[in-house]
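Enquirer: sequence plus predicted model, see below.
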Amino acid sequence: MIRIENVSLTRGGARILDDVSLTLPKGGLTALIGPNGAGKSSLLSLIARLQPLQTGRISVDGLPVDGTPGRALAKTLAVLRQDPGVASRLRVRELVGFGRFPHSRGRLTPEDEAVVAATLDQFDLTPLEERFVETLSGGQRQRALIAMTVAQATDYLLLDEPLNNLDMRYARDLMRRLRALADAGRTIVAVLHDVNQAAAYADRIVALRDGRQVAMGAPAEIMTPEILDAVFGYRMRVVDLEGRPMALHHL
Amino acid sequence: MRAVRRASPAGLAGVALLLALASASLFVGAGHLSLARLTQDPAAWTLFAASRLPRTLAAILAGAGLAVAGLVMQTLARNRFVEPMTAGGGQSAALGVLAVTLLWPAASLPVKMAAASAAALAASSLFVAVAQRLPPTQPLLVPLFGLAYGAVLGSALTFLAWRTDLLQYVEIWINGDFSGVLRGRYELLWLAAAATALAWWAADRLTVLSLGRDASVGLGLDYAAMMRLGLVIVSVVSAITVTTVGMIPFVGLVAPNLVTRLVGDHLRRATPWAALAGASLTLGCDVLGRLLRHPYEAPVGTVLGVVGAAAFLWLLFGPRPARA
């Protein structure tokens, strides 16, 4: 369970998050949606203790994120930030291997190697495993970074815009993979820009705007013209496509 | 293990090259020395044990240390174009010794060394702190800042030395030279070797730092503590090198860049290669300096300035490595 209580965040005089309280149950895929500047990434990085809490409390699986040793938390929670700027001469296999760092501190055990090999395979990266990360395309690099995060094998997975740079096929593959991980008991929170991906794969959607939570619920509850208007600030049609709501946000 | 075994033929070739250079270094110099004379002439033996052997070891230790310090610094700053000597480390170490010499002339060598290390640590910490605030989209700003920063510290050093009439004294630290290395005057360089070993021991954690702060924290690494360890390694190596043999430019830049092009940025793999490359480059340039106008010598700092600049230009503009 991720418990967020009265969290506010101010940066340079601007209010990024305004008294957010939110409880996400263990298990399932939660999509964080909202317009640019809504505070989605900031909320995610606060949950992942990547920046200090100013007010309020956050705990993950009962562990307060600001009081738990980093290593213990790294075995519970893995995070991928948007554009971490990793463009180095690390091999893809080495990068994904660093996902095992919280478990083995760098010296990979045979068990770690097996996890890395399986993860490389899942993300279609085995043919690229000896390539330097700096030689990969944007989408390949994104897949390698997600694979590193998944290889960390934590119960909680926080992903900031994981679909960035991915083409349609890999975007669909990733959403299906996340769905499968969630069905296997993992708790996943992902910032998603495409509400239709959120509607198709998530168990629940949390909508933020101007640092406040404006809606939370199952996709069918959120995917209405009224709520989407309240979140994104314009009217879009929502149609029913084979039993699934789909927003025609591009029309 | 797999990586070690795969690299071994190249590794053996590298070690063989270093041994060949070391043999050359032992028998090249103003005084004539040969294996035959070594066994018969006690004076030849004294020359060998008191000067040639220490000089050779000093070049190997300083070269390996500077190359690894450069590699670590490039990892901390996440920038390939920084090295400890030009980015303020060398100048600040010399400033530290100068300050101790002025304030406490009777200070022992370890005290001077500690002052040099502390000064280098302060300067390197400031450098990395600033480097992290520079936009990553402008990678050349970091080395430019490093050059300006090193130049400011260097000017402060020269000014202080000029006002206190110690310019000649300071020259010894600024111009790297192995010709003055004698038995009993280089042994502190083994400490630099220890710092290098420390870098290899912490190689995995230091490599995680190269993924950036967020990824490091996400993986449960104590980012600040690891950053401090890396800075201590860089500072200790810089300070010891400057106080024992003087500033040696380019090794910390060229050797790691050459190595990471071939074996990648993972320090577990790159550290021994960088040490080998740095030692060979430094020793080779020292031998070259002794041969160029035999029996006179060109200081290693000068030779490396030319060789290193040429090598670096080749790294920048030469053929790109195959994108395997």
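Expert: Sure, I can see it. Numbers count the residues shown, from 1 in each chain, chains lettered A, B, ... in the order given.

Enquirer: quick one, what contacts residue 223?
Expert: Let's take chain A. Applying Cβ atoms under 8 Å, 6 or more residues apart in numbering or on different chains to residue A:223 gives the contacts A:195, A:199, A:205, A:238, A:245-247. Using the backbone N, CA and C atoms, a C-beta is placed for each residue, glycine as well.

Enquirer: actually chain B
Expert: B:209, B:213, B:216-217.

Enquirer: which parts of chain A sit against chain B?
Expert: Residues of chain A lying near chain B by Cβ under 8 Å from any Cβ of the partner chain: A:45, A:48-50, A:69-75, A:78-81, A:84-86, A:88-91, A:94, A:98-99, A:101-102, A:105-107, A:130-132, A:135, A:149, A:152.

Enquirer: buried subset of these, written for PyMOL?
Expert: Selecting only the buried entries of the residues of chain A next to chain B in PyMOL, with 16 or more other Cβ atoms under 10 Å in any protein chain shown as the criterion:
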select buried, chain A and resi 45+48+49+50+70+73+74+78+79+80+81+84+86+88+89+90+91+94+98+99+101+102+106+131+132+135+149+152
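
Enquirer: return the subset of the residues of chain A next to chain B lying in strands.
Expert: Judged by DSSP state E, strands contain the following of the residues of chain A next to chain B: A:78-80.

Enquirer: just curious, which of the residues you listed is nearest to chain B?
Expert: Proximity of these to chain B (Cβ to the nearest Cβ) peaks at residue A:79, which lies at 4.5 Å.

Enquirer: find the nearest non-adjacent residue to the closest one, please.
Expert: Closest residue in space to residue A:79, ignoring its immediate chain neighbours: residue A:48 at 3.7 Å, by Cβ to Cβ, 6 or more residues apart in numbering or on different chains.

Enquirer: quick check: residue A:39 touching residue A:213?
Expert: No. In this structure residue A:39 lies outside contact range of residue A:213 using Cβ atoms under 8 Å: 9.4 Å.

Enquirer: quick check: neighbours shared by these two?
Expert: Listed as contacting both residue A:39 and residue A:213 by Cβ under 8 Å, 6+ apart are residue A:20.

Enquirer: how about low-confidence regions in chain B?
Expert: B:1-7, B:320-324 (pLDDT under 70).

Enquirer: against chain A, how distant is the most far-flung residue of it relative to its centre?
Expert: Centroid-distance maximum for chain B: residue B:40 at 37.2 Å, with Cα atoms, centre = their mean. Using Cβ to the nearest Cβ, to the nearest Å, one obtains 52 Å as the distance from residue B:40 to chain A.

Enquirer: now do that residue against residue B:33, distance only.
Expert: Distance, residue B:40 to residue B:33, using Cβ to Cβ, to the nearest Å: 12 Å.

Enquirer: now do stretch B:106-115: distance to the chain's middle.
Expert: Between the centre of stretch B:106-115 and the centre of its chain there are 20 Å (Cα atoms, centre = their mean, to the nearest Å).

Enquirer: using PDB, write down the CA coordinates of that stretch.
Expert: The C-alpha coordinates for stretch B:106-115 follow below in PDB (Å, rounded to 0.1, in the frame of the first residue of the first chain):
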ATOM      1  CA  ALA B 106      59.300  22.800  10.000                       C
ATOM      2  CA  ALA B 107      56.300  20.700   9.000                       C
ATOM      3  CA  SER B 108      57.200  17.100   8.100                       C
ATOM      4  CA  LEU B 109      56.500  15.600   4.700                       C
ATOM      5  CA  PRO B 110      53.300  13.700   5.900                       C
ATOM      6  CA  VAL B 111      51.900  17.000   7.200                       C
ATOM      7  CA  LYS B 112      52.600  18.700   3.900                       C
ATOM      8  CA  MET B 113      51.000  15.800   2.100                       C
ATOM      9  CA  ALA B 114      47.900  16.000   4.300                       C
ATOM     10  CA  ALA B 115      47.600  19.800   3.700                       C
END
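
Enquirer: sorry, back to before: from the contacts of residue A:223, which ones fall inside helices?
Expert: When DSSP state H defines the helices, the subset of the contacts of residue A:223 inside them is A:195, A:199.

Enquirer: between the contacts of residue A:223, which sits nearest residue B:293?
Expert: Nearest to residue B:293 among these, counting by Cβ to Cβ, is residue A:195 at 75.6 Å.

Enquirer: any idea how many residues pack against that closest one?
Expert: Neighbourhood size, residue A:195 [other Cβ atoms under 10 Å in any protein chain shown]: 26.

Enquirer: number of residues surrounding residue A:5?
Expert: By other Cβ under 10 Å, 14 other residues sit near residue A:5.

Enquirer: wait, a helix at it?
Expert: No. Per DSSP: H, G, I helix; E, B strand; the rest coil, residue A:5 lies outside any helix segment and is strand.

Enquirer: any idea which helix or strand carries the residue nearest to it when sequence neighbours are not counted?
Expert: Of all residues not flanking residue A:5 in the chain, residue A:57 sits nearest, at 4.6 Å (Cβ to Cβ, 6+ apart). Here residue A:57, judged by DSSP states H and E, is contained in strand A:55-60.

Enquirer: check whether the helix or strand containing residue B:313 contacts chain A.
Expert: In the assignment (DSSP H and E), residue B:313 maps to helix B:300-317. No. Helix B:300-317 lies out of reach of chain A by Cβ under 8 Å from any Cβ, never closer than 13.3 Å.

Enquirer: and that helix, what's buried?
Expert: Applying 16+ other Cβ under 10 Å to helix B:300-317 flags B:300-305, B:307-308, B:311-312 as buried.

Enquirer: closest one of those residues to residue A:228?
Expert: The shortest gap between residue A:228 and any of the buried residues of helix B:300-317 belongs to residue B:312, at 55.9 Å (Cβ to Cβ).

Enquirer: quick one, what contacts that closest one?
Expert: B:250, B:253-254, B:257.

Enquirer: ok, it to residue A:182 distance?
Expert: Separation of residue B:312 from residue A:182 (Cβ to Cβ): 51 Å.

Enquirer: what is the neighbour count of residue B:270?
Expert: Residue crowding around residue B:270 was assessed by other Cβ under 10 Å; the count is 26.

Enquirer: sweet, I'm off.
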